[in-house]
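Peer 1: coordinates only, no sequence provided:
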């Protein structure tokens, strides 16, 4: 199945000049959604890790079903103000501004091996911040997976030394 046909371009969102990659058509189609999750799982089937970390919000949609299917726990990295316990946070830049992500300080223990999952790799700022959070807590990044990668934005350059997988690329 050509999963790319389920990724819709939304021009000028969230601001002028940005082409947003909308995964909602893929999520809506049960067969396509299942195939995407199955292919992500297949890539990581033999990887050694303890938890899947998903980045709010669309990383939750990919990472959580993977965690369930693979028998792993799921750890959310969230936007500011969403986590109730003691947090660690990182600021990062986007192609259209800046933001912050947060994780509970007790979510990852030293030596935990984690797989980071998000929907899209663009400039790499969000995922680089997530890697910093995990490593600051003593975790080890076992792999970084994406549903879709915008290769021309070179986000992968920020992830040198890590196993990076993208199911689809453009």
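Peer 2: Right, received. Where do you want to start? Remember, it's a predicted structure, so these values are computed and weren't measured experimentally.

Peer 1: is it true that residue 157 lies in a strand?
Peer 2: No: using DSSP: H, G, I helix; E, B strand; the rest coil, the secondary structure at residue 157 is helix, not a strand.

Peer 1: nearest residue to it other than its sequence neighbours?
Peer 2: residue 124 (6.9 Å; C-beta to C-beta, 6 or more residues apart in numbering). Where you see a C-beta, it was placed from the backbone N, CA and C, and this is true even at glycine.

Peer 1: test for you: state the pLDDT assigned to that neighbour.
Peer 2: The score at residue 124 is 93. That number is its pLDDT.

Peer 1: do residue 72 as well
Peer 2: For residue 72, the pLDDT comes out at 98.

Peer 1: do I have it right that the residue nearest to residue 157 meets residue 160?
Peer 2: No: when contacts are counted by C-beta atoms under 8 Å, residue 124 is not listed as touching residue 160 (10.4 Å).

Peer 1: the two: who's more crowded?
Peer 2: Neighbours per residue (other C-beta atoms under 10 Å) separate residue 124 from residue 160, with residue 124 holding more: 22 against 7.

Peer 1: what's near enough to touch the more buried one?
Peer 2: Residues in contact with residue 124 (C-beta atoms under 8 Å, 6 or more residues apart in numbering) are 153, 154, 155, 156, 157, 158, 159.

Peer 1: buried ones from those, can you make that a PyMOL selection?
Peer 2: Here is the PyMOL command that selects the buried residues among the contacts of residue 124 (16 or more other C-beta atoms under 10 Å):
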select buried, resi 155+156+158+159
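
Peer 1: ok, the contacts of residue 124 vs residue 92, which is closest?
Peer 2: residue 158 (10.0 Å; C-beta to C-beta).

Peer 1: let me know the pLDDT of the closest one.
Peer 2: The model's pLDDT for residue 158 equals 94.
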